[in-house]
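A.B. asks: Kindly generate the corresponding structure for this input.
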Amino acid sequence: MTIIDPPIKETTDFYKALNARSKTPCEVTLFDDESDLVVMVSEEENVNCSREKQTPADYSIKYKISRKKKWFILSIVALQGFIGPLTSSIYVPAIAQVRESFNTSMTSINATISLYVFVMGFAPLLWASLSERHGRRAVYLLSTLLYVASTIGCALSHNIGLFIALRALQATGASASQAVGAGTITDLFDVHERGNAMGLFLLGALIGPVLGPILGGFINEFMSWRFIFWFLSIMGGVTFFLILFFLPETSAIILKKRADYLKLKKELKQDTEKKQQLHIKLSDEHTSTSILRPFKLMVKPVVIISTTPYSIAYGFMYFVIASLPHQLQSQYNFSSYQIGLAYLANGIGNALGAFVSGKLADKALAKSVNNRLESRLSPMWFGILLLPVGQLMYGWCVEIKVHVAATLTGLFLLGLGVGIVQTPANTYIVDSYQKHSASVMSAANLMRCVSAGCTPLVAPTLIDHIGNGWSLTILAVISSLSGICVFLVQRYGQHWREQSSSK
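C.D. replies: Numbers count the residues shown, from 1 in each chain. So this is what the prediction gives:
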């Protein structure tokens with residue numbers, strides 16, 4: 001009888017010691033830094049399973065598909081990545097109606113928003129681990145299905161407790177691509193192309209929170225808040241079918257494992273009949289190792305210092321998003337529809353910044369000596385300069401009630417700065433830890449979401465005490481100081497990377 005469990009973790013020398021002819025029981029243990037392969041062969045039968053060593057690179061689809069198909073696959077992943085941030089803010093314009101429907105307090109309603117953002121930060125840690133063990137495609141399908149099911153549940157909810165629980169599940173399902181998307185980009189694109197690809201992928205995280213209130217306000221005005229969630233469930237369903245029919249497995253490591261398993265199974269079927277036993281198993285510690293990896297990466301100087309400026313910028317963007325409706329209504333007497341349109345200024349800046357900085361990061365890397373990865377960070381300086389300018393302009397224009405055009409210009413510059421800071425930082429950490437790109441991206445995502453979840457909570461109190469102008473002045477000073485992190489990584493990043501790889 002033959003017992004075969006598919007190998008899950010990569011084994012570099014998979015076939016190295018399998019060419020054995022022995023009349024006695026033998027045990028061959030093959031291992032690398034992450035896996036443990038044990039093969040048991042009975043004494044009555046001999047197995048010859050020798051094979052020339054192959055590496056995961058031999059199974060990469062990077063050079064086997066057209067450029068057009070690469071970008072089509074990335075577009076599907078970007079769509080999945082857009083849904084999560086969109087869902088975080090889409091029903092903000094309907095908060096009053098949701099509160100009335102559930103007959104609950106404003107604190108409970110705010111909890112549905114803050115909890116969603118925090119879960120969006122932690123859930124990718126799980127998805128990253130699963131994607132590196134079982135592949136990208138399986139994670140995309142499972143997470144999107146969970147998102148659709150929980151979103152339908154939100155639309156049908158009739159009590160606040162169930163609604164909060166379903167919002168947590170909704171965030172879990174929507175968060176997968178925030179980590180796994182970086183792995184897909186690594187699978188599909190060479191290092192000199194990743195800045196541009198990352199710029200497209202990260203658009204969702206930037207413009208989702210901005211477009212959400214616009215769509216939500218429109219749907220709520222003509223229908224009801226429940227139709228917002230029906231709209232999201234349809235959008236999630238379309239994404240699920242796009243993944244199901246058009247998104248292949250892209251991880252070279254997973255593709256190699258599957259090929260190894262099938263070939264080994266075929267050989268064993270040919271060479272043995274009755275008494276040969278084969279057992280392939282994975283050490284129990286590997287599951288915990290893969291789950292803990294993002295936390296270990298998070299404390300690496302390369303990761304935590306290079307990600308800090310973007311986490312600060314993203315958190316401050318949520319500060320503005322949360323306080324914008326009240327500011328525009330009280331100072332400019334804007335309607336809910338006009339407030340929704342005002343978010344476009346920030347969203348356009350975000351999109352332009354992410355797109356331009358991705359191209360600039362790729363060009364900076366191409367021009368650098370010896371392709372030094374830290375050269376990718378050069379465009380971040382433009383963002384570091386624009387962030388405080390946009391924050392000060394928006395903050396004080398609202399405070400002293402300058403013409404709304406100046407206020408919207410400040411919002412645009414703020415969004416432009418966030419977009420420029422984001423893309424080079426994320427591309428840099430992915431390039432630094434290519435083998436574990438999903439895990440390192442989930443670590444960065446956690447920092448970003450914790451920042452974005454906290455700032456809206458302090459925004460009302462801070463603005464009430466010192467005003468919008470001085471509040472944004474404080475943010476501008478902190479944003480300027482975050483440039484120290486960019487300087488440190490550009491100067492010492494290569495040394496930190498070399499130290500990390502030697503351990």
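
A.B. asks: and Ser224, how many residues sit next to it?
C.D. replies: Each residue near Ser224 was counted by other C-beta atoms under 10 Å, and the total is 15. Glycine gets a C-beta too; all of them are placed from N, C-alpha and C.

A.B. asks: hang on, isn't it packed against Tyr91?
C.D. replies: No. Counting by C-beta atoms under 8 Å, Ser224 sits too far from Tyr91 to count as a contact (10.7 Å).

A.B. asks: Now for Ile463: which residues touch it?
C.D. replies: Shown in contact with Ile463 (C-beta atoms under 8 Å, 6 or more residues apart in numbering): 323, 327, 471.

A.B. asks: Mind pulling up the pLDDT for it?
C.D. replies: Looking at Ile463, its pLDDT stands at 90.

A.B. asks: Isn't Pro93 up against Leu324?
C.D. replies: No. If you go by C-beta under 8 Å, Pro93 and Leu324 don't touch, sitting 11.7 Å apart.

A.B. asks: Now list whatever residues contact both of the two.
C.D. replies: Ile339.

A.B. asks: Pull out the buried positions in stretch 470-485.
C.D. replies: Neighbour-count burial for stretch 470-485, counted by 16 or more other C-beta atoms under 10 Å, picks out 471-473, 475-476, 478-479, 482-483, 485.

A.B. asks: Just the mean pLDDT for stretch 195-204, thanks.
C.D. replies: Stretch 195-204 comes out with an average pLDDT of 82.

A.B. asks: Ok, stretch 89-106 next?
C.D. replies: For stretch 89-106, mean pLDDT is 82.

A.B. asks: Phe122 versus the residue minimising distance to the centre of the chain, what's the distance?
C.D. replies: By C-alpha atoms, centre = their mean, the chain has its centre lying nearest to Gln178, at 1.5 Å. Noted for Gln178: a distance of 11 Å to Phe122, by C-beta to C-beta, to the nearest Å.

A.B. asks: just checking, which of the buried residues of stretch 470-485 belong to strands?
C.D. replies: Among the buried residues of stretch 470-485, DSSP state E puts none in strands.

A.B. asks: which of these lies closest to Ala313?
C.D. replies: Distances from Ala313 to those, taken as C-beta to C-beta, are shortest for Ser479 (6.6 Å).

A.B. asks: What sits closest to that closest one if chain neighbours are left out?
C.D. replies: Nearest non-adjacent residue to Ser479, counting by C-beta to C-beta, 6 or more residues apart in numbering: Leu387, 4.1 Å away.

A.B. asks: That neighbour in helix, strand or coil?
C.D. replies: Following DSSP: H, G, I helix; E, B strand; the rest coil, the label given to Leu387 is helix.

A.B. asks: thought it was touching Val418?
C.D. replies: Yes. With contact defined as C-beta under 8 Å, Leu387 reaches Val418; the gap is 7.1 Å.

A.B. asks: can you list residues touching both of the two?
C.D. replies: The contact lists of Leu387 and Val418 share 313, 316, where a contact means C-beta under 8 Å, 6+ apart.

A.B. asks: Per-residue pLDDT of Leu242, please?
C.D. replies: Note for Leu242: predicted pLDDT of 96.

A.B. asks: Check which residues of the helix or strand hosting Gln422 are buried.
C.D. replies: For Gln422, the enclosing helix or strand under DSSP states H and E is helix 404-432. Residues of helix 404-432 classed as buried by neighbour count (16+ other C-beta under 10 Å): 404, 407-432.

A.B. asks: Ok, stretch 91-102 next?
C.D. replies: Buried-residue list, stretch 91-102, by 16+ other C-beta under 10 Å: 91-95, 98-99, 101-102.

A.B. asks: Give me the subset of those lying in helices.
C.D. replies: If you go by DSSP state H, these have 95, 98-99, 101-102 in helices.

A.B. asks: Please parse the chain into its domains.
C.D. replies: With domains defined by automatic domain parsing, the chain comprises 19-58+255-282, 62-249+290-502.

A.B. asks: quick one, which of the ones you listed is packed in tightest?
C.D. replies: Highest mean neighbour count of the domains of the chain: domain 62-249+290-502, a mean of 21 (counted as mean count of other C-beta atoms under 10 Å).

A.B. asks: residues contacting Asn350?
C.D. replies: So Asn350 contacts 203, 206-207, 210, 317, 415-416, 418-419 (C-beta under 8 Å, 6+ apart).

A.B. asks: for these, which one is nearest Trp71?
C.D. replies: For the contacts of Asn350, the minimum distance to Trp71 (C-beta to C-beta) is 13.3 Å, reached by Leu203.

A.B. asks: Could you verify my assumption that that closest one touches Phe355?
C.D. replies: Yes. Using C-beta under 8 Å, Leu203 is in contact with Phe355, at 7.4 Å.

A.B. asks: about what we covered before: so what secondary structure elements neighbour the helix or strand hosting the residue nearest to the centre of the chain?
C.D. replies: Here Gln178 sits within helix 176-188, counting by DSSP H and E. Other helices and strands packing on helix 176-188, by 3 or more C-beta pairs under 8 Å, 6 or more residues apart in numbering; DSSP states H and E, are helix 67-89, helix 106-134, helix 136-156, helix 194-201, helix 404-432, helix 437-481.

A.B. asks: Now the element after the host helix or strand of Pro209, going C-ward?
C.D. replies: Per DSSP H and E, Pro209 falls inside helix 203-222. Once helix 203-222 ends, the next helix or strand along the chain (criterion: DSSP H and E) is helix 225-246.

A.B. asks: sorry, back to before: now the helices and strands packed on helix 176-188 in a markdown table, with distance to Cys397?
C.D. replies: Shown next, in a markdown table, are the helices and strands packed on helix 176-188 (distance: least, C-beta to C-beta, whole Å):
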| stretch | distance to Cys397 |
| --- | --- |
| helix 67-89 | 23 |
| helix 106-134 | 26 |
| helix 136-156 | 37 |
| helix 194-201 | 29 |
| helix 404-432 | 4 |
| helix 437-481 | 9 |
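
A.B. asks: Go through those helices and name the closest to Lys363.
C.D. replies: With C-beta to C-beta, the closest approach to Lys363 among these belongs to helix 194-201: 8.3 Å.

A.B. asks: which strands and helices sit next to that closest one?
C.D. replies: Packed next to helix 194-201, using 3+ C-beta pairs under 8 Å, 6+ apart, are helix 67-89, helix 176-188, helix 336-367, helix 404-432.

A.B. asks: Of the ones you listed, which is nearest Val299?
C.D. replies: Of the helices and strands packed on helix 194-201, nearest to Val299 by C-beta to C-beta is helix 404-432, at 13.1 Å.
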